[in-house]
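A.B. asks: pasted the sequence and its predicted model underneath.
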Amino acid sequence: MGQPVLAEVTRAGRVESRHRGSVVVADARGKRALALGDVEAAVFPRSAIKALQALPLVESGAADRAGLDAAELALACASHSGEPIHAAAAASMLSKAGRDAHTLECGAHWPLGEASARQLARDGKTPSALHNNCSGKHAGFVCLACALGEDPKGYVGIDHRVQREVRRTLEEVTGVAIDLAQAGVDGCSIPTYALPLDSLARAFAKFGSGEGLSKTRAQASERLLKACARHPQMVAGTGRFDTAAMGALGERCFVKTGAEGVHCASFPELGLGVAIKCEDGAGRAADAMMAAVILRFLTLSDDERAGVEALARKKLVNWNGMEVGEARASAALAGA
């Protein structure tokens, strides 16, 4: 039996396409509040777990040693749009560690934000690694390496101490022993590990609530969560789902998108974590799914609800600006 339809795209009031997937909402002990689809299947969470990958940066004391501020900690959790504030913050993080952009091993690409990419081109410039959407995470890795007394060179390698620390943290918060033989390589060149979807939900429940974590790790989680809530623009960027959702909800909801239709979240006040996988990798569908889960579980004020509903039923427009349909969660997920 296939995965359930969890999102739809409409045109003229008719469903034009459907997106299948899985979603699980669970507490820190793994008790499920919602499970649709195969929630025990392993997925590559990719960028959805950047906040978990940033835990060693904070709990080791590396962030304090470098003097990173809240905006820079938010950038360490980010898949940013390459806007000027993002590139500047990544450069600042590296400078505080006594390094520069040449230390980054994430590669360079044009900013994800169209306006920033166009401005860079108008200025006759080409993108650097600072514009890579993962530059904040990588700058955090460099800061961690330097604080540990390690040479940052090769920090993306699976055997480098930085990646060993990240892997140990992931194993501890997810409760899953990682099989290195099954490791993949992420878009930014660090290792990525396939993990069961329900273990990701459990990990983000711990991240948001602190339950099941050591005192030091719980404090690090809270610090990162507060940093992202205070600086949602740093986590994604202008017009992006994560920035809009956290801008509307603040510390009530931490959300982080990943590649290929993965999306994770924490609802700290409920002690719940969320993990979503859109089977065909469609980001717009995963966004609609996450917005529907937020609406289903959080009690929202009128202003909060209006902000999230705009994300749950994203209007689609053509090149003339005419509204032609919407991307929305299916009734199965919305609870209708």
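C.D. replies: Looks like it came in fine.
A.B. asks: how about the strands in the stretch 1-150 of the chain?
C.D. replies: Using DSSP state E, counting those that start in this stretch, the strands of the stretch 1-150 of the chain run over 5-11, 14-27, 32-36, 42-43.
A.B. asks: can I get those strands in TSV with mean pLDDT?
C.D. replies: Output for the strands of the stretch 1-150 of the chain, formatted as TSV (pLDDT from 0 to 100):
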stretch	mean pLDDT
strand 5-11	94
strand 14-27	96
strand 32-36	96
strand 42-43	96
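A.B. asks: so can I have JSON lines of those strands showing mean neighbour count?
C.D. replies: In this view, the C-beta of every residue, glycine as well, is placed from N, C-alpha and C. What follows is those, written out as JSON lines (neighbours: other Cβ atoms under 10 Å):
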{"stretch": "strand 5-11", "mean neighbour count": "21"}
{"stretch": "strand 14-27", "mean neighbour count": "20"}
{"stretch": "strand 32-36", "mean neighbour count": "17"}
{"stretch": "strand 42-43", "mean neighbour count": "19"}
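A.B. asks: to residue 269, which of the ones you listed lies closest?
C.D. replies: Of all the strands of the stretch 1-150 of the chain, it is strand 14-27 that lies closest to residue 269, at 12.4 Å by Cβ to Cβ.
A.B. asks: partner strands of that closest one and their direction?
C.D. replies: Looking at strand 14-27 with DSSP bridges, its partner strands are strand 5-11 (antiparallel), strand 32-36 (antiparallel), strand 272-278 (antiparallel).
A.B. asks: can I get that strand in CSV? Just the C-alpha atoms.
C.D. replies: Taking C-alpha atoms only, strand 14-27 is exported to CSV below (Å, rounded to 0.1, in the frame of the first residue of the first chain):
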residue,chain,number,x,y,z
ARG,A,14,-9.9,21.1,-9.0
VAL,A,15,-7.0,19.0,-7.7
GLU,A,16,-4.3,19.1,-10.3
SER,A,17,-1.6,17.1,-8.5
ARG,A,18,-1.2,15.2,-5.3
HIS,A,19,1.8,14.6,-3.0
ARG,A,20,2.2,11.5,-0.9
GLY,A,21,4.2,11.3,2.2
SER,A,22,4.6,10.5,5.9
VAL,A,23,4.2,12.6,9.0
VAL,A,24,4.8,11.8,12.7
VAL,A,25,4.3,13.9,15.8
ALA,A,26,5.8,12.4,19.0
ASP,A,27,7.0,13.2,22.4
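A.B. asks: nearest residue to residue 91 other than its sequence neighbours?
C.D. replies: Nearest non-adjacent residue to residue 91, counting by Cβ to Cβ, 6 or more residues apart in numbering: residue 130, 5.7 Å away.
A.B. asks: so how many other residues sit close to that neighbour?
C.D. replies: Residue neighbour count, defined by other Cβ atoms under 10 Å, stands at 24 for residue 130.
A.B. asks: then residue 211?
C.D. replies: 13.
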